[in-house]
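> What follows is a predicted structure for the sequence shown.
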Amino acid sequence: MIRLRPPSSAIARRSVAAGLFAALLATAALPAHAQTPDEAARAAERARAAALEAEGKALRAEAEATYQATVPGCYERFLVNRCIDQAKKQRLETIQRARAVEAEARRITLAERQRVATEAGARAAAPLTPAAPGALPAMPATTAPAPGADTRIVPAPEAERIRAEREAASRAAEAEAARARAAADAERAAERRAAEEAAARRAQQAAEDRARYEERIRKYEEEQAQKKK
């Protein structure tokens, strides 16, 4: 069985990703004495999302570097196609790990955005501050309104402000959710295109490898036939 080993640069990239994660966590923990537990937890989640994104990029770079370093050596082996297939399989497995890590980072980021939008809506919908305990209610007016006075109810400015803030927060949350959906759809479409292009390249490479292999076999058979004459 042919064993494919990642280059030392891949190991270095993993170390860089791990170091970045530790550094981000340390940065999030520095001002913890001035943060609430909830704020500290959110900072840690943001640091984790950034570290996962860095790890995903490092894994993708590792997959490509390992493949590029392995394939040239395959042409020096007798089982060329088998060696190349194993290199492609290892690259795909590494890329799949990168996708899983990046998906987790996107999940954390989207959850944080939704939490911010929900809190903004809750603040806008919060009721007014109640009156202090013991305060006497205002006495209703006993004087009859003058004939012909305008009896229409005029909304209070404070109620109008709260309604406007609530509507603005709702629109902002909907817009943010729409942007997140559009970004996720665009990313999925880009991944599909990349997968299709990679599959086409693999098919072309396999055809070329097969043709070279068959040519080597043909030359080998011709040489053996010449030796038997």
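Thanks, I have the structure now. Numbering: from 1, shown residues only.

> any idea where the helices of the chain begin and end?
Along the chain, counting by DSSP state H, helices occupy 8-29, 37-74, 80-125, 157-228.

> Highest mean neighbour count out of those helices?
helix 37-74 (a mean of 17; mean count of other CB atoms under 10 Å). Quick note: C-beta positions are derived from backbone N, CA and C, even for glycine.

> chain center to that helix, what's the gap?
Centre-to-centre, helix 37-74 and its host chain are 11 Å apart (CA atoms, centre = their mean, to the nearest Å).

> Give the rounded mean pLDDT of it.
For helix 37-74, mean pLDDT is 87.

> And stretch 82-102, by the same measure?
Mean predicted lDDT for stretch 82-102 stands at 90.

> can you give me the offset of that stretch from its chain's centre?
Remark: stretch 82-102 is offset 19 Å from the chain centroid, using CA atoms, centre = their mean.

> remind me which residues of this structure are low pLDDT?
In the predicted model of the chain, residues 1-35, 126-155, 229 satisfy pLDDT under 70.

> Please report how far the residue positioned nearest the centre of the chain lies from residue 225.
What sits nearest the mean C-alpha location of the chain, by CA atoms, centre = their mean, is residue 106, with 2.8 Å. For residue 106, the distance to residue 225 equals 60 Å [CB to CB, to the nearest Å].

> that older thread, for the residue nearest to the centre of the chain, what are its contacts?
Residue 106 makes contact with 184, 187 under the criterion CB atoms under 8 Å, 6 or more residues apart in numbering.

> just residue 88 next, same as before
67, 202.

> Could you measure from it over to residue 69?
Per CB to CB, residue 88 is found 13 Å from residue 69.

> ok, now residue 94?
Residue 94 is 13 Å from residue 69, by CB to CB.

> now residue 117
Using CB to CB, residue 117 is found at 46 Å from residue 69.

> same thing with residue 121?
In this structure, residue 121 and residue 69 are 52 Å apart, going by CB to CB.

> next one: residue 165
Residue 165 sits 58 Å away from residue 69, going by CB to CB.

> now do residue 98
Residue 98 is 18 Å from residue 69, by CB to CB.

> go on, residue 90?
As for residue 90, its distance to residue 69 is 11 Å (criterion: CB to CB).

> cool, residue 89 as well?
Per CB to CB, residue 89 is found 15 Å from residue 69.

> Please apply the same query to residue 210.
In this view, residue 210 and residue 69 are 23 Å apart by CB to CB.

> Equivalent analysis for residue 227, please.
Distance, residue 227 to residue 69, by CB to CB: 37 Å.

> Could you do residue 49 as well?
For residue 49, the distance to residue 69 (CB to CB) stands at 31 Å.

> And residue 220, by the same measure?
Counting by CB to CB, the gap from residue 220 to residue 69 is 28 Å.

> What of residue 177?
Shown here: residue 177 relative to residue 69, a distance of 43 Å by CB to CB.
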